[in-house]
Every structure is written in C-alpha cells, then in structure tokens.
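Undergrad: here's a sequence, model it:
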Amino acid sequence: MARRRSADKREILPDPLFKSRLVAKFMNNLMRDGKKGTAENIFYGAVDIIEEKTNQSGLEIFEKAIENASPVLEVKSRRIGGATYQVPVEVSRERKQALAMRWLIGSAKGGANRPMPEQLAEELIAASNNEGGAVRRKEEVHRMAEANKAFAHFR
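TA: This is a model prediction of the structure:
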C-alpha cells in the first residue's frame, strides 16, 4: 500500500452505445492486452444474444446480474496477538461492482468451448436469475463471513 497518499480515481467515460459508466467499466475489465474493440464486440454480442433469448432489454439484465452478483460482506485477515482471524467487513460500493464484474467474467471464461459472447450472455442471464457461478461465489463469501461472525468485534 502507498504510504504517502492514495491514488486518484480516474474518470471513466461512458460507453458509446448505452451511455453507461457501468458498461464501460465492465468492458475495461473484459479487455485483454489493450484490445478494447474485441472487448466491445464480446459485450455487445452478449447483449444481442440476451435480447434474443429473453425478449428483455440486455442492459437491464446486465444491471440485474451485477446487482445479484455483488457481495454485501466479505472476510479480511486481521493479525491480532499472533493469531490470524478472518474478520467479516462490509464491502464498499466500488468494490462490490469490481468483485461482481470479476466473478461474472471469470465464470464466463470457465465455460465450455463456445464463443465468449455466448458464454457471457448465459452467465449474465443466470446471474440475473440468481443462479450461475458468480452468484455461487457471492454466496460462498457470505457463508464465510457468517461463519466468522464471532470475530466481527476485531473490525
């Protein structure tokens, strides 16, 4: 961690199609090796597939998926008197979004050998229905926080 001062938050410009900062942030997370065009093709392709399959707005499904995959609590290690405790802490709004995006992309990548837009679309639809890998991961984190509730006073 920086000792002197914290880094400034960069202003992220909204994406060109939906005019949404959340979508732009998601595409930045999806991007590999600076290939933003590829990330845009993957995301917009996934939104088209979602609209085809569900007959609903792809952006609404995406926002609901992010909301459902966002954790409320997580555990952080605290070292107290020679022992390390897993202390449950509340998650900030920015970190909630970052974790949800990371988990959605990670579980979409872990899918079968199909094109990434299809895998991402399926994961987003599943997360919007409170199913899928990202939501499972969130529940796992919540279970760990619940199990270590006794150490909450170390916060």
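
Undergrad: what helix or strand is residue 117 on?
TA: Mapping residue 117 onto the secondary structure by DSSP states H and E places it in helix 116-128.

Undergrad: and that helix, what's its mean pLDDT?
TA: For helix 116-128, the mean pLDDT works out to 94.

Undergrad: how about the helices of the chain, start to end?
TA: For the chain, the helices defined by DSSP state H cover 21-30, 36-54, 58-69, 93-109, 116-128, 132-147.

Undergrad: and of those helices, who's closest to residue 84?
TA: Closest approach to residue 84 among the helices of the chain (C-beta to C-beta): helix 132-147, 14.1 Å. To be clear about C-beta, it is placed using only N, CA and C from the backbone, and glycine gets the same treatment.

Undergrad: may I see the buried residues of that closest one?
TA: Within helix 132-147, the residues scored as buried using 16 or more other C-beta atoms under 10 Å are 132, 133, 134, 135, 137, 138, 141, 142, 145.

Undergrad: check the third one and give its pLDDT.
TA: Right, residue 134. At residue 134 the predicted local distance difference test score is 92.

Undergrad: and the gap between it and residue 71?
TA: Computed as C-beta to C-beta, to the nearest Å, the residue 134 to residue 71 distance reads 10 Å.

Undergrad: overlap in contacts, those two.
TA: Common neighbours of residue 134 and residue 71 (criterion: C-beta atoms under 8 Å, 6 or more residues apart in numbering): residue 100.

Undergrad: so which of the helices of the chain is the most packed in?
TA: Burial of the helices of the chain is given as mean neighbour count (mean count of other C-beta atoms under 10 Å); helix 116-128 ranks first at a mean of 23.
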